[in-house]
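>>> Pasting the sequence and the predicted coordinates here, then a few questions.
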Amino acid sequence: MSTTSSFEEYNFDRGDRVRVDWTNGSSPLDEVIGTVSGISRSGGNVVVAVEVDDDQYPENSIYGGTHDAAPEWVEPLE
């Protein structure tokens, strides 16, 4: 069961544009750019949901949509 967590301790918030270091994720990209759509706790870990911009993946890719990331992977864009 996941419970909601707060953005108060991070330097980004829901709706912010971010770059995510995805080198530890399961994706063909080392980084993704998108918009933070949520934050939660799962298994004791904080998970940041990022809605990734569609234009980063080739057509017919199985990747895209929302990616879950650790907070330390997330860097706000200005």
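That came through, no problem.
>>> For this protein, which segments are assigned as helices?
Here the chain has no helices by DSSP state H.
>>> tell me which helix or strand of it sits lowest on mean pLDDT?
strand 3-4 (a mean of 52; mean pLDDT, DSSP states H and E).
>>> The strand ranked longest in the chain packs against which elements?
In the chain, taking DSSP state E as the definition, the longest strand is strand 31-42. Here strand 31-42 touches strand 3-4, strand 17-21, strand 45-52, strand 66-69, going by 3 or more Cβ pairs under 8 Å, 6 or more residues apart in numbering; DSSP states H and E. Any C-beta I mention is one placed from the backbone N, CA and C, and that applies to glycine too.
>>> Could you dump those strands into JSON lines with distance to residue 36 and mean neighbour count added?
Listed next are the helices and strands packed on strand 31-42 as JSON lines, based on distance: least, Cβ to Cβ, whole Å; neighbours: other Cβ atoms under 10 Å:
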{"stretch": "strand 3-4", "distance to residue 36": "14", "mean neighbour count": "8"}
{"stretch": "strand 17-21", "distance to residue 36": "6", "mean neighbour count": "18"}
{"stretch": "strand 45-52", "distance to residue 36": "6", "mean neighbour count": "18"}
{"stretch": "strand 66-69", "distance to residue 36": "9", "mean neighbour count": "18"}
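>>> Distance to residue 60 added to the ones you listed, as TSV?
Listed next are the helices and strands packed on strand 31-42 as TSV, based on distance: least, Cβ to Cβ, whole Å:
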stretch	distance to residue 60
strand 3-4	35
strand 17-21	22
strand 45-52	16
strand 66-69	18
